[in-house]
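Asks: How does the following fold in three dimensions:
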Amino acid sequence: MNGEGRTRLPYLAAAAAMTAYCIGPIVFMALTAVSRRPDFLSPGAGLEFTAAHFLEVLRTKSLHFLEYFRNSLVVSAVSAALSVSVAAPAAYAITRLEVPGRTAVLFSALAVSMFPQVSLVGYLFRLMTSLGWINTYAALVLPYTAWILPLSLWILTSYFSSVPRDLDRAALIDGCGPLEALRKVIVPVAAPGIFSTALLAFIFAFNELLFALMLTTDHHARTIPVGVALFEGLHGEIPWGAVMAAATLSTAPVVALTLLFQRRIIQGLTRGAVKE
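Replies: Presented below is the predicted three-dimensional model:
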């Protein structure tokens, strides 16, 4: 092995270890979902494939899996749309308008996002109770939007800063106002960044657990993470096959979206880091 190969070997080993660390739990989850026995790794157990766990999750009405899945899709999509709709004009103003303290706005949003969820959930519960919103979509959409907004703002600010200002000037010369320039010129140019931001916001909301656990009470508004976490058998045992099947089904759409649009996601996240 030459010198270059010896130099690359540690990096390849580290990359392989990181890949195994990230993918290993997902593989184990999928194998448990399709195995008759959750202890298939035990000596002499063996791996016997079956689709019974998936059928159980989809057909057992008392598990309410489809309702949980619908709730997660609705809440995550609305939260992502709202956060991006607010973050896009804010990012445009920060990158285009000479407003004093605009950097402070960014860092303030970052500071607010660092508050742990557990420190806020008690106040949120009291607020939603007073509004009569417990176990409704609104009780999740508003906290999710506020929680995702700093992430969306930072990503879009980084992306908008890479869009040439000559486009704005041309739009203003043609008679567009600032908002019209944003809508007709900047948004189409920044579409990859906006899309990747919306997708990341959707994934963040889709995976959230604590707010959904505290602010919902049943399948009418409860989301997938909480629904799967509360799966329980007839006698209190944990049905690992059904739990892993539900987790696999709920993870599949997110994985599919990421794989399908990975090029756009990478383009949207990295373009703002390169000075053009």
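
Asks: lowest confidence element among the helices and strands of this protein?
Replies: Ranked by mean pLDDT, DSSP states H and E, the weakest helix or strand in the chain is helix 262-270, scoring a mean of 68.

Asks: Residue 58 against residue 66, yeah?
Replies: Yes - between residue 58 and residue 66 a contact is recorded at 7.1 Å, counting by Cβ atoms under 8 Å. To be clear about C-beta, it is placed using only N, CA and C from the backbone, and glycine gets the same treatment.

Asks: Against residue 72, how distant is the one residue sitting closest to the centre of the chain?
Replies: Geometric centre of the chain, nearest residue: residue 203, 1.6 Å, by Cα atoms, centre = their mean. To residue 72, residue 203 is 11 Å away according to Cβ to Cβ, to the nearest Å.

Asks: what does residue 109 give?
Replies: For residue 109 relative to residue 72 (Cβ to Cβ), the value is 25 Å.

Asks: ok, now residue 241?
Replies: Where residue 72 is concerned, residue 241 sits at a distance of 21 Å (Cβ to Cβ).

Asks: quick one, phi/psi of residue 49?
Replies: When read as degrees, to the nearest 10, the backbone of residue 49 gives phi -80, psi 140.

Asks: Please name the nearest non-neighbouring residue to it.
Replies: Excluding the flanking residues, the one nearest residue 49 by Cβ to Cβ, 6 or more residues apart in numbering is residue 34, at 5.1 Å.

Asks: Report the contact partners of the one you found.
Replies: By Cβ atoms under 8 Å, 6 or more residues apart in numbering, the residues touching residue 34 are 49, 50, 51, 53, 54.

Asks: Kindly indicate the member of those residues with the most neighbours.
Replies: When these are compared by neighbour count (other Cβ atoms under 10 Å), residue 53 ends up highest, at 24 neighbours.

Asks: For that one, give me its contacts.
Replies: Counting by Cβ under 8 Å, 6+ apart, residue 53 has contacts 33, 34, 241, 242, 244, 245.

Asks: Low-confidence ranges, this protein, go.
Replies: The model of the chain has pLDDT under 70 over residues 1-5, 233-236, 264-265, 267-276.
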